[in-house]
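>>> Return a 3D structure for these sequence lines:
(chains A and B)
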Number of protein chains: 2
Amino acid sequence: MPHPPSPALLAKLAELLGPKGFSTEPDVLAPWLTDWRGKYHGQAAAMLSPATTAEVAAVVGLCAAEGVALVPQGGNSGMVGGATPDASGQQLLLSLRRMNRIRTLDTTARIVVAEAGVILENLHHTVLDKGLRFPLTLGGKGSATVGGLVSTNAGGTQVLRHGTMRALVAGIEAVLPDGRIFEGLAPLKKDNRGYDLRHLFCGAEGTLGVVTAASLHLVPASAARQTAWIGLDSPDAALLLLRRLDAALGDALEGFEIVSNPVLDAVLRHIPQTRRPLAQPSPWYALVELAGDDSSALGEQLERELAAALDADLIHDVALAKNDRESEDFWRLRDSISEAERAEGPALQHDISVPVDLMPRFIADNPARLAAVFPGIRTASFGHLGDGNIHYHVQPPERADGAAWLAEHGAAASRLVYAHVVELGGSISAEHGIGQLKRDILAELDSPARLAALHGIKTGLDPAGLFNPGKLIG
Amino acid sequence: MPHPPSPALLAKLAELLGPKGFSTEPDVLAPWLTDWRGKYHGQAAAMLSPATTAEVAAVVGLCAAEGVALVPQGGNSGMVGGATPDASGQQLLLSLRRMNRIRTLDTTARIVVAEAGVILENLHHTVLDKGLRFPLTLGGKGSATVGGLVSTNAGGTQVLRHGTMRALVAGIEAVLPDGRIFEGLAPLKKDNRGYDLRHLFCGAEGTLGVVTAASLHLVPASAARQTAWIGLDSPDAALLLLRRLDAALGDALEGFEIVSNPVLDAVLRHIPQTRRPLAQPSPWYALVELAGDDSSALGEQLERELAAALDADLIHDVALAKNDRESEDFWRLRDSISEAERAEGPALQHDISVPVDLMPRFIADNPARLAAVFPGIRTASFGHLGDGNIHYHVQPPERADGAAWLAEHGAAASRLVYAHVVELGGSISAEHGIGQLKRDILAELDSPARLAALHGIKTGLDPAGLFNPGKLIG
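A predicted model of the protein is given here:
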């Protein structure tokens, strides 16, 4: 069990980090002790904000010597409470936000070395100035940091073409739980010296140590993009459309998101300056994006494929973005869903994946399974059909007191969702991780063999359990 | 420390596995107790050849209960002695070769589920019958098995485009050291339920348990390919050519290998029915392959780019394969290098990587560093320039007694090679793994932080040290 930090340790940390790097001021700490959705609240004995890897290593070494727990935190924009300390006030918050330098940018090899605290949007701008693109983006890009993106193996809306964070990480630097620095930034394409620490730290949620920097793959900035908002009948139709576009357009296809009509309605209700892209509503929409070098060729390809899909009655209607501004308007509808759903009131949120081909079946069948037990329940689906990953929200019946209903029935309703996912061989956390939110359900639903292996890894690397206790499996 | 198997355990295993699955016959075991290059020799109390995952789990459970060590083995075609038991005769050889079924082949999702014992060449043929391709190949494809390819994170000659084995593995099934089965075959594109066991088992060399099956990504069989054998001056010129082709041809570029002239000479000397593709020798050669759907378009693109490179004096001479037979002849030159080098007599072999841009510098500088200490020493380089990975062989001076020279100076010469690699931020094992061959040099040259992490993982997952002791870090 971790210990509370002694006054002597706090004094040493304060001296080591200086006034910019150490605080116990309640006002300074407050915004970082609650997750952005306001769901988790914690306390911390102090907030530590080292500015260099050497400082991180010194902090970790001092804490390890006294058995004090650390909670790493980046932009605090996670979805599962993974960066919020517990209520004891004995943990130390380890913020990486001051480590916000781009160390190197190699335009020939197309590799950027970014420190953990670099904000995703800043990274986008920095590399775009050199004609390059970091091809991962998500709604929280204005706050999400590189360290958090690595540690949660973040996804987003371009995974279809470019993969999740782990596919983009060419190397990492991390401080291990004993305070030693793992120097693994060299972007080696091939390296078979045993267990792959890079992949192990991707998605480890700060439970095995703390990522301090990453080497990231870049791609040439696309000269052109084409975006379409498409009305269609069902996830089945969307999957057929996806297969056609994938076969015809190959690597040009960068994004393929689906949104149900009620979800779009929620966005239009709550997010200012949004408008419906198509005159007539459809039950479902697909948001499709192509990227490439030649705008008119892309546009012709997309129009030809969509015209064929219209002819085949696979889709109802299409709005093609005429310029970047319209593209951004389409994407803002998609990227605002989380915010809109929050404004809609309390809901159970499930971030789930199944093999791609089974997703339409899940979306078709699960609402009926829920309604059989909980009449009047409402569901909303949106997300990354091409990745087999959707966000599936369950709202209380319209006339129920939402909070009370969720307190009484929420856990049981989520179990119905997760049981269905497991039945289809899927994952109860496709994208957002486990954190605090799904720790118990993971322990309940995952296989004993896999859980034992996760515990073995945790114990082997952090035997004293000092890194992010209470998260994932800790 | 592992124990020797008791007679009672051997009797139980014999009964469990039946006569096809259990043997202590010296003649049956002999071929599997020496690695294919004849460098490592071991003994085993028995060879176990289970036919199903359930049998593997039962074997592992019985051995775990008695603390008996297991050495997993596939096609026995590894390069580092990783599948050869030690000399004690107390270890059990766990052969996966009888688990050779293709379980499922989904042509829509392009996923094949293959058991660990499926031979790579058989996998190629099976999926090609359905118009698909498993895009990893290497010289040992007639013996290498899926389990071995996963466990060594195999590379080969198509990594440039398709990545190493870990990029092609969509899921795994493995038996953990306690005998439980990890069922991770579902090909989920996104899954953030904590530490990624799939990536951890890729390249773990059978030290954390044994892979029993894998879900593998397939690609459409290419309708066409174009292969060229190109004469040029240096690895520098080759890297410039690679950058040009990469920019102009993009994903069509599947292979880019380099071979030095002395290496080609060795192949022509030792391998029957091989011939020089170009009339005039060059100091270096590049073997380039494009794949795509349209043969004449590919051919035109390649000819245009190579004509421009000739005009720019970047290359000397080109032979374009006129048909599949000529393509295969070119590739046979490349794939026969290991065999030819073996026939050349004893040599130090180094399978190394550095960041791609630094490889020409390594190839240019290292021979001089060696010659300064060991006059007359000869070096040979070939391999995967585009991956930053070459095979770098060091031969004793021409008049020396090869075996005696290697015994006296080999370790010191290899240290000069590896020190240079480490200086450039590279890996002392890019492709072949650690096994027995590099266990000591890894312990000597790798960083204490990384080694401690590897030991932590090993201890956490295999606390009794029963899986493949004496390999990697065990």
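>>> which one is the residue of chain A found nearest chain B nearest to, not counting chain neighbours?
Nearest residue of chain A to chain B, counting by C-beta to the nearest C-beta: A:Gly460, 2.3 Å away. (C-beta placed from N, C-alpha, C; glycine too.) Ranked by C-beta to C-beta, 6 or more residues apart in numbering or on different chains and with sequence neighbours excluded, the top spatial neighbour of A:Gly460 is B:Gly460, at 2.3 Å.
>>> Who are the contact partners of the one you found?
Neighbouring residues of B:Gly460 by C-beta atoms under 8 Å, 6 or more residues apart in numbering or on different chains: A:His455, A:Gly456, A:Ile457, A:Lys458, A:Thr459, A:Gly460, A:Leu461.
>>> The residue of chain A closest to chain B looks like it's in a helix, true?
Yes: under DSSP: H, G, I helix; E, B strand; the rest coil, A:Gly460 falls within a helix.
>>> Report how many residues lie close to the nearest residue to A:Ala224 once chain neighbours are set aside.
Nearest non-adjacent residue to A:Ala224, counting by C-beta to C-beta, 6+ apart: A:Ser295, 3.4 Å away. Applying other C-beta atoms under 10 Å in any protein chain shown, we find 14 residues neighbouring A:Ser295.
>>> State the pLDDT value of A:Gln349.
Predicted confidence (pLDDT) for A:Gln349: 91.
>>> Tell me which stretches of the stretch 1-150 of chain A form helices.
A:7-21, A:26-29, A:53-66, A:120-128, A:146-151 (DSSP state H, counting those that start in this stretch).
>>> now A:Tyr392, nearest residue through space, not along the chain?
Going by C-beta to C-beta, 6+ apart, A:Tyr392 has A:His350 as its nearest residue, at 4.4 Å.
>>> could you point out which element follows whichever strand or helix holds the one you found?
Per DSSP states H and E, A:His350 falls inside strand A:348-353. Next along the chain after strand A:348-353, taking DSSP H and E as the criterion, comes helix A:359-373.
>>> now that following helix: mean pLDDT?
95.
>>> OK, contacts around A:Ala154?
Applying C-beta under 8 Å, 6+ apart to A:Ala154 gives the contacts A:Leu136, A:Leu138, A:Ala144, A:Gly148, A:Thr164, A:Met165, A:Glu431.
>>> quick one: the closest residue to the first one other than its chain neighbours from A:Ala380, how far?
If I follow you right, that is A:Leu136. Computed as C-beta to C-beta, 6+ apart, the closest residue to A:Leu136 that is not its neighbour in sequence is A:Gly156, at 5.3 Å. From A:Gly156 across to A:Ala380, the span is 19 Å (C-beta to C-beta, to the nearest Å).
>>> on that earlier part again, correct me if wrong: the residue nearest to A:Tyr392 contacts A:His391.
Yes: in this structure A:His350 lies within contact range of A:His391 using C-beta atoms under 8 Å: 7.1 Å.
>>> Which neighbours do those two have in common?
Contact criterion C-beta under 8 Å, 6+ apart; no residue bridges A:His350 and A:His391 by contacting each.
>>> of the contacts of A:Ala154, the lowest pLDDT goes to which?
Lowest in pLDDT among the contacts of A:Ala154 is A:Leu138, which has 90.
>>> List the residues that contact that residue.
A:Leu120, A:Ala144, A:Ala154, A:Gly155, A:Gly156, A:Thr157, A:Asp335.
>>> helix, strand or coil for the spatially most central residue of chain A?
With distances taken as C-alpha atoms, centre = their mean, A:Ala154 lies nearest the centre of chain A, 3.9 Å away. Following three-state DSSP, we place A:Ala154 in the coil state.
>>> I'd like the distance between it and A:Gly78.
To A:Gly78, A:Ala154 is 9 Å away according to C-beta to C-beta.
>>> what is in contact with these two at once?
In terms of C-beta under 8 Å, 6+ apart, A:Ala154 and A:Gly78 are both contacted by the residues A:Gly148.
>>> contacting residues around stretch A:212-220?
In contact with stretch A:212-220 (C-beta under 8 Å, 6+ apart) are residues A:53, A:56, A:96, A:99, A:103, A:110-116, A:123, A:127, A:131-135, A:146-147, A:150, A:162, A:167-175, A:181, A:185-187.
>>> Just the element for A:Ala319, please.
Using DSSP H and E, A:Ala319 falls in strand A:317-320.
>>> helices or strands up against the next helix or strand after that strand?
Downstream of strand A:317-320, the first helix or strand assigned by DSSP H and E is helix A:324-335. Based on contacts counted as 3 or more C-beta pairs under 8 Å, 6 or more residues apart in numbering or on different chains; DSSP states H and E, the elements that helix A:324-335 packs against are strand A:224-232, strand A:253-260, strand A:284-292.
>>> Dump those to JSON lines, plus mean pLDDT and mean neighbour count.
Converted to JSON lines, those look like this (pLDDT from 0 to 100; neighbours: other C-beta atoms under 10 Å in any protein chain shown):
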{"stretch": "strand A:224-232", "mean pLDDT": "95", "mean neighbour count": "23"}
{"stretch": "strand A:253-260", "mean pLDDT": "94", "mean neighbour count": "24"}
{"stretch": "strand A:284-292", "mean pLDDT": "95", "mean neighbour count": "24"}
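>>> could you redo these as a markdown table and give each row distance to A:Val71?
Listed next are those as a markdown table, based on distance: least, C-beta to C-beta, whole Å:
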| stretch | distance to A:Val71 |
| --- | --- |
| strand A:224-232 | 39 |
| strand A:253-260 | 32 |
| strand A:284-292 | 36 |
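>>> hmm, back to that, please give me every residue in contact with the residue nearest to A:Tyr392.
A:His391, A:Tyr392, A:His393, A:Val394, A:Ser414, A:Val417, A:Tyr418, A:Val421, A:Ile428.
>>> Let me know how buried the residue nearest to the first one when sequence neighbours are not counted is, in neighbour terms.
The shortest distance from A:His391 to any residue other than its chain neighbours is 4.7 Å, reached at A:Gly383 (C-beta to C-beta, 6+ apart). Counted with other C-beta under 10 Å, the neighbours of A:Gly383 add up to 26.
>>> Ramachandran angles for A:Gly383?
Backbone torsions for A:Gly383, taken as degrees, to the nearest 10, come to phi 140, psi -140.
>>> Now do the contacts for it.
A:Glu257, A:Ile258, A:Asn389, A:Ile390, A:His391.
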